Every structure is written in C-alpha cells, then in structure tokens.
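**Q** A structural model of the following input is requested.
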Amino acid sequence: MKQIAISLYLSSKQVEEYYRGKARHVVVEAVDGRIVQLPINVLHSFILEDGINGDFVVTTDDDHKFVSINRLNPGSESGNVLDQIG
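**A** Predicted coordinates:
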C-alpha cells in the first residue's frame, strides 16, 4: 500500500459542477508534487455546504489503484502532518 498526502479545496460551485456531470475526476497536486486523479464519488462524505476543504491521505494499492481516502486531523500535536507523510 502507498499513501499520498494532498490538500484539497473545492468550492461549493465546483462541487455542484461535478454533480452536473461536467467532470468525473478531481485532479490535485500532492504535497510531494505528484499529480493525483480521484473520482468525485470518493469525496462525497467530505462535502460540506461550502464545498470540500482539507488535508487528506489517499491510500492506493501497489498498482496505484485507489483504496481509501481519510481526512487528516488538523489539530495534530506533531506539527504539519502533511510535511511528515509524502
């Protein structure tokens, strides 16, 4: 398994466009510079009234296929968690 740290911000308008079918994937640059493409449906549980905003860890299998995505705890005592994952 591999983990990729990302920061993601999608406005509510952008999320609405995904629901309308204008795009099926979200493309984001990972903290380490890699480009990550995620299907919008994996982000549904993170959608709030103002869109999606936060730091996440994407887990993939060894063939780079999506396994899971989890929001990082913004109040981590160990500083910026994104700097430690990559």
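**Q** For the lengthiest helix in the chain, which helices and strands make contact with it?
**A** When the chain is scanned for its longest helix (criterion: DSSP state H), the result is helix 12-19. Helix 12-19 makes packing contacts with strand 51-60 when contacts are defined by 3 or more CB pairs under 8 Å, 6 or more residues apart in numbering; DSSP states H and E. C-beta here means a position set from N, CA and C on the backbone, and glycine is covered the same way.
**Q** now the longest helix of the chain against strand 51-60, angle please.
**A** On the basis of axes from the mean of the first three to the mean of the last three CA atoms, to 10 degrees, helix 12-19 is oriented at 60 degrees to strand 51-60.
**Q** Go through helix 12-19 and flag the buried ones.
**A** Neighbour counts over helix 12-19 (16 or more other CB atoms under 10 Å) mark Val15, Tyr18 as buried.
**Q** avg pLDDT for the next helix or strand after that helix?
**A** As assigned by DSSP states H and E, the chain's next helix or strand after helix 12-19 is strand 25-29. Confidence for strand 25-29, expressed as mean pLDDT, is 93.
**Q** quick one: the next helix or strand after strand 25-29 to chain centroid distance?
**A** Of the helices and strands lying after strand 25-29 in sequence (DSSP H and E), the nearest is strand 35-39. Its chain's C-alpha centre and that of strand 35-39 lie 8 Å apart, by CA atoms, centre = their mean, to the nearest Å.
**Q** what does stretch 22-32 give?
**A** 8 Å.
**Q** Could you check the pLDDT of Ser78?
**A** Ser78 is assigned a pLDDT of 37 by the prediction.
**Q** One more: Lys2?
**A** With respect to pLDDT, Lys2 scores 93.
**Q** wait, what's in contact with it?
**A** Contact analysis of Lys2 by CB atoms under 8 Å, 6 or more residues apart in numbering lists Thr59, Thr60, Asp61, Asp62, His64.
**Q** check contacts around the third one.
**A** I take that to be Asp61. Asp61 touches Met1, Lys2, Val67, counting by CB under 8 Å, 6+ apart.
**Q** What does the pLDDT read for it?
**A** For Asp61, pLDDT reads 95.
**Q** any idea how far it lies from Val28?
**A** 19 Å (CB to CB, to the nearest Å).
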